[in-house]
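Enquirer: Test case, fold it:
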Amino acid sequence: MGPGPAVGSGDTWFFAPDTGGWGGSVEADPRGGYRTKIGLWTSMTRPPAVTVRRVGGAETGSASFAPTSAGLPGPLPAELRFPSAGCWQVTARGATGGATIQVRVG
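Expert: Residues are numbered from 1 along each chain as shown. Sure thing, here's the model as predicted:
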């Protein structure tokens, strides 16, 4: 089965996991909080700017990237970290586009 639904525009897109939507693969992080891996695609030669922010709150999470051996532009696997349960907004901004998703955690 291929990647799930895609959200984005221009040079930046998120791809949902195969099952469970955006929050379907969230798991407890042994170091605390929660984490998930998500597919990101960019036509830029560098990763887009990504913010992870709790909806209705000031708490922030983080994103890190694991570029494939093919490099960029192309697919860019990302790990998102959330310090607590709740609803989180994840926004990626590229040079000519962007993508925003909401991830239910916990």
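Enquirer: can I get the CA coordinates of stretch 55-72 in CSV?
Expert: The C-alpha coordinates for stretch 55-72 follow below in CSV (Å, rounded to 0.1, in the frame of the first residue of the first chain):
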residue,chain,number,x,y,z
VAL,A,55,-3.6,24.0,19.9
GLY,A,56,-4.9,26.5,22.4
GLY,A,57,-1.7,26.6,24.5
ALA,A,58,1.9,27.9,24.5
GLU,A,59,3.6,24.5,24.7
THR,A,60,5.9,23.6,21.8
GLY,A,61,7.2,20.3,20.5
SER,A,62,10.0,19.7,18.0
ALA,A,63,10.8,18.1,14.6
SER,A,64,13.9,16.4,13.4
PHE,A,65,14.8,15.0,10.0
ALA,A,66,16.4,11.8,8.6
PRO,A,67,17.2,12.5,5.0
THR,A,68,17.3,9.5,2.7
SER,A,69,20.5,8.5,0.9
ALA,A,70,19.1,10.2,-2.2
GLY,A,71,19.2,13.6,-0.5
LEU,A,72,17.0,16.5,-1.3
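Enquirer: For S64, which residues are in contact?
Expert: The contact partners of S64, by Cβ atoms under 8 Å, 6 or more residues apart in numbering, come to 78-79, 81. For the C-beta atoms, the positions are set from N, CA and C on the backbone; glycine is no exception.
Enquirer: Next: R54.
Expert: By Cβ under 8 Å, 6+ apart, the contact set of R54 is 60-61, 82, 84, 86-89.
Enquirer: Return the distance of it relative to G8.
Expert: In this structure, R54 and G8 are separated by 22 Å, where distance is defined by Cβ to Cβ, to the nearest Å.
Enquirer: How far does the helix or strand containing A92 sit from its chain's centre?
Expert: Remark: A92 resides in strand 86-93, with elements defined by DSSP states H and E. On the basis of Cα atoms, centre = their mean, to the nearest Å, the separation between the geometric centre of strand 86-93 and that of its chain is 8 Å.
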